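Peer 1: Pasting the sequence and the predicted coordinates here, then a few questions.
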Protein chains: 2
Amino acid sequence: MIQKLIAQIAAKKAPIVIGLDPQLSFIPQRILDASIQQSGETLESVAGAIYAFNKAILDATADLVPAVKPQIAMYEQYGIPGLMAYKKTIDYAHQKGLVVIGDIKRGDIGSTSEAYAKGHLGTVKVGGKVIAPFEEDFATVNPYLGYDGVKPFIDVCRECDKGIFVLVKTSNPSSGEFQDRRIDGEVPLYEWVGEKVEVWGEDLREGQYSNVGAVIGATYPEMGRQLRRKMPHTFILVPGYGAQGGKGKDLVGFFDDDGMGAIVNSSRGIIAAYKQEAYAKYGEENFADAARAAVLDMQEDIQGAIGRRFCS
Amino acid sequence: MIQKLIAQIAAKKAPIVIGLDPQLSFIPQRILDASIQQSGETLESVAGAIYAFNKAILDATADLVPAVKPQIAMYEQYGIPGLMAYKKTIDYAHQKGLVVIGDIKRGDIGSTSEAYAKGHLGTVKVGGKVIAPFEEDFATVNPYLGYDGVKPFIDVCRECDKGIFVLVKTSNPSSGEFQDRRIDGEVPLYEWVGEKVEVWGEDLREGQYSNVGAVIGATYPEMGRQLRRKMPHTFILVPGYGAQGGKGKDLVGFFDDDGMGAIVNSSRGIIAAYKQEAYAKYGEENFADAARAAVLDMQEDIQGAIGRRFCS
C-alpha cells in the first residue's frame, strides 16, 4: 500500500493529504439548514451536512492530491449517523481514486487491537461471507500499550496489503509531556518509539519504505529531521501544517534526498480555507473552490521548500 | 459520577465490572444462526447476535454488579451495525440501573479529543437541540499525547458529571515496553503518568476519589500496590483478572484500607464462563446462568482476598 501512496504522490507532485475533519463551524449554514429542513434537528442532519460538505471538497480537490485523512473523532462525535458519514466519505474518496488514511489513533491489548485492525483495515467473517467493514487503506495507531497492541495491525497490513502510521511525536503543544522525557537517562521516549517502529516495519518494506509508518508533527521540525535519519525506511505522516503552525520550510527535514518519504496533512487550512483572509474572496458559497486554491498554494509552498529534491 | 459508582459497589458488595467484549466465538451458535436466518450473512446479523447475547448476560447478572464495561473495539469491528449494538448495549445496561464504562481508549490532540469527549460522555448541539450521542458514564482515555489530549475529557467530566480512567499501566504482556522505561533515569513512565493523573483529577474530587481515575492491570500487582499509595484520590479500574491471569489475592494492594478505591474487570472469564471446565455443566444453552455463577465466584474470590477491609 505504501507503494501505491508513493506512486500517487509522484504522479500528482503533491506530498499532501487533506484532513477531512469537518467541524460544524466549517460547514456553510446553507448546507446545514438544508439538511435540518429535511431530517430535523437530529444527528442524521449533521451527518448529512458533513457528507455533503466532504463530497464538495473531494469533487474540487481529488485531482490534486494523492490521499485524504478523515479524522474519525469528528464523525464519532455525532454517534452512529456521524460514523455512517465517515464510512460514506471513505467510499466516496475511493471512488475518486484517493488513498484513505483513517485517523483513528486506536491501540489496545492484543485481541482488542486485532478487532480494530480487522474492522478498519481488514475483514471479518460472517458465516461463509467475508466483509470489510470500514475499508481504510491506512490507519493511525497509538503505541502506548507496546508491541502486542501494534502487532495485530501489522499482521493485518501484511495479509491485506494495508499500512499504518504509528504515533511517534505528535503535533500538539503538550506532546512533550511524556513523549520528550528521556528514557533510562538516554534518548527521549519519542525516539525510542521511533526506533521500535523502524524495526516493527522491517518485514513490511516495499522498496525503500515500509507499510509501517510514523506520525511526526510539523510543529517539531528538528525532531522530524533527526527521526528522518534514524528511520530511513519509515514513511512519515506529518500533521500540524498550516493552522497548527507548521510551514513548508519547516518540513524539509521530514523528506529524504529524493523529496520523498513524507506526506503532509492540512485539515482546516484547506477545508475551511474560505474562512481565512487569503481566500475570503471565494465566500462561504464557494468553500470548495477556496479549498482547491489552498491546496494549490500548499503544493507550491512545499514544492518551493523541498523543490529541487522533489521526485516526480 | 465516581460517587455513584462507589455507592453501587457498596450496595452490591461487589467491586466488579463485567467486560462486555463479545467475541463471535463466545456467542452460542444457536443465537448466531437465528440472526443469520433473519438478516443473512451480514454485519447486521452479527450485531443482532451480539446484542441478544449481551442482553441475556445483563438480565442474568445486573442485580449482582454495579457496572459493565463494553469494549468498543469488539463492536466497531463489525462496522456501523456493530456500533449500533454497542449503543443498544449501553442503553440496555442503563435501563438495568448499571453504570457504563465505555472502554474506548481514545486520545488525540485538543479539538479532536474534545469531539470524542462530547460524543461519548457529553452532548452535541444540532440547531437548538442538545443530543447525547453515546452516553457512557465513564470512558477510558490514552495519555500518550499529554495533558492537552486529556483535558477536553476532564472538562466534559466537570460539565456533565462523568468520569474517565486514564491508561497508566495496562494489563498486557508488552505494556512494559514503553510504560516501564525509567524517565530521566528516575521513575518509570507509568508512575510518571500516574502522578500526573492524580494531579489532573484534583478539581474533580467527590469525597475521597476523583472522577479522573486510572487503569492499572491486575497482572502487575506490585505496581498496583505502589500506585495505590502514590495516587490516594485516584480510583483504579483493574483489567486483567481471570483469563489474563490475575487472581483475587493479587488484587489486595489495589484497594484502600476500607476495601474501596478499585473496581475489577472480568470479561471472558464471565461472559464466556460456560466454556470453562468449572462451568461446563451449564452448557452452551445456559451461558447466562454460567456467567451469573462466575460473577458470584469472582465476588467470593475478591471478598475473600480483601474481606475484612471491605466497606459495605
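Peer 2: On my side now, so go ahead. Everything numeric in this text was worked out from a predicted model, so none of it was measured.

Peer 1: Excluding sequence neighbours, find me the nearest residue to the residue nearest the centre of chain A.
Peer 2: Among the residues of chain A, the one closest to the centroid is residue A:69, at 3.7 Å (C-alpha atoms, centre = their mean). Closest residue to residue A:69 apart from its sequence neighbours, by C-beta to C-beta, 6 or more residues apart in numbering or on different chains: residue A:101 at 4.2 Å. Bear in mind the C-beta positions are built from the backbone N, C-alpha and C, glycine included.

Peer 1: And for the one you found, the neighbour number?
Peer 2: Look at residue A:101: counted by other C-beta atoms under 10 Å in any protein chain shown, it has 28 neighbours.

Peer 1: separation between it and residue A:173?
Peer 2: According to C-beta to C-beta, to the nearest Å, residue A:101 stands 23 Å off from residue A:173.

Peer 1: what do you get for residue A:18?
Peer 2: Using C-beta to C-beta, one gets 23 Å for the distance from residue A:18 to residue A:173.

Peer 1: Look at the two and report which has more neighbours.
Peer 2: Taking other C-beta under 10 Å, residue A:18 and residue A:173 do not tie; residue A:18 has more neighbours (29 against 16).

Peer 1: Which strand or helix spans the more buried one?
Peer 2: Per DSSP states H and E, residue A:18 falls inside strand A:16-20.

Peer 1: From the rest of the structure, what touches the lowest-mean-pLDDT helix or strand in chain A?
Peer 2: Least confident helix or strand, chain A: helix A:176-179 with a mean of 90, by mean pLDDT, DSSP states H and E. The contact list for helix A:176-179 (C-beta atoms under 8 Å, 6 or more residues apart in numbering or on different chains) reads A:168-170, A:188-190, A:193, B:143-144, B:146-147, B:189, B:192-193, B:196.

Peer 1: now with 7 Å?
Peer 2: Outside helix A:176-179, the residues within contact range by C-beta atoms under 7 Å, 6 or more residues apart in numbering or on different chains are A:169, A:170, A:188, A:189, A:190, B:143, B:144, B:146, B:147, B:189, B:193.

Peer 1: who touches the last one in this structure?
Peer 2: Okay, so that is residue B:193. Residue B:193 touches A:178, B:143, B:168, counting by C-beta under 7 Å, 6+ apart.

Peer 1: CSV for those, including neighbour count and distance to residue B:120?
Peer 2: CSV is the format used below for the contacts of residue B:193 (neighbours: other C-beta atoms under 10 Å in any protein chain shown; distance: C-beta to C-beta, whole Å):
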residue, neighbour count, distance to residue B:120
A:178, 23, 23
B:143, 26, 16
B:168, 30, 20
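
Peer 1: ok, residues contacting the strand or helix carrying the residue nearest to residue A:69?
Peer 2: Residue A:101 belongs to strand A:99-106 when assigned by DSSP H and E. Strand A:99-106 is contacted from outside by A:4-5, A:8, A:17, A:66-72, A:90, A:93-94, A:116, A:120, A:134, A:136-142, A:167, A:237, B:107-108, using C-beta under 7 Å, 6+ apart.

Peer 1: how about a cut-off of 6 Å?
Peer 2: The contact list for strand A:99-106 (C-beta atoms under 6 Å, 6 or more residues apart in numbering or on different chains) reads A:5, A:66-67, A:69, A:71-72, A:90, A:93, A:116, A:120, A:136-140, A:142, B:108.

Peer 1: Could you list which of those residues belong to strands?
Peer 2: If you go by DSSP state E, the contacts of strand A:99-106 have A:67, A:69, A:138, A:139, A:140 in strands.

Peer 1: Which stretches in chain A count as strands?
Peer 2: In chain A, the segments counted as strands under DSSP E are A:16-20, A:67-70, A:99-106, A:124-126, A:129-131, A:138-141, A:163-169, A:205-206, A:209-210, A:212-216, A:236-238, A:262-266.

Peer 1: Ends of stretch A:106-126, what's the gap?
Peer 2: Criterion C-alpha to C-alpha, to the nearest Å; first-to-last residue distance in stretch A:106-126 is 23 Å.

Peer 1: What residues sit buried inside it?
Peer 2: By neighbour count on 16 or more other C-beta atoms under 10 Å in any protein chain shown, the buried set for stretch A:106-126 is A:106-124, A:126.

Peer 1: low-scoring stretches of the stretch 201-312 of chain A, by residue?
Peer 2: Applying pLDDT under 70 to the stretch 201-312 of chain A flags the ranges A:244, A:246, A:308-312.

Peer 1: could you check the angle strand A:99-106 makes with the strand holding residue A:18?
Peer 2: Interaxial angle of strand A:16-20 relative to strand A:99-106 (axes from the mean of the first three to the mean of the last three C-alpha atoms, to 10 degrees): 60 degrees.

Peer 1: thinking again about what came up before, what's the mean pLDDT across the strand holding residue A:101?
Peer 2: Across strand A:99-106, the average pLDDT comes to 98.

Peer 1: Tell me which residues of it come out buried.
Peer 2: A:99, A:100, A:101, A:102, A:103, A:104, A:105, A:106.

Peer 1: wait, which of those is closest to chain B?
Peer 2: Nearest to chain B, judged by C-beta to the nearest C-beta, of the buried residues of strand A:99-106 is residue A:105 at 5.6 Å.

Peer 1: ok, that closest one to residue B:113 distance?
Peer 2: Per C-beta to C-beta, residue A:105 is found 10 Å from residue B:113.

Peer 1: cool, residue A:124 as well?
Peer 2: Separation of residue A:124 from residue B:113 (C-beta to C-beta): 28 Å.

Peer 1: Please enumerate the helices of chain A.
Peer 2: Here chain A has its helices, by DSSP state H, at A:2-12, A:29-39, A:43-61, A:73-76, A:79-95, A:110-120, A:147-160, A:176-179, A:189-200, A:221-230, A:268-271, A:287-306.

Peer 1: who touches the first one?
Peer 2: Okay, so that is helix A:2-12. Residues from elsewhere that reach helix A:2-12, judged by C-beta under 6 Å, 6+ apart: A:15, A:66, A:99, A:163, A:206, A:209, A:211, A:235.

Peer 1: go with 7 Å
Peer 2: For helix A:2-12, the surrounding residues in contact (C-beta under 7 Å, 6+ apart) are A:15, A:64-67, A:99, A:163, A:206-207, A:209-211, A:235, A:260, A:263, A:311-312.
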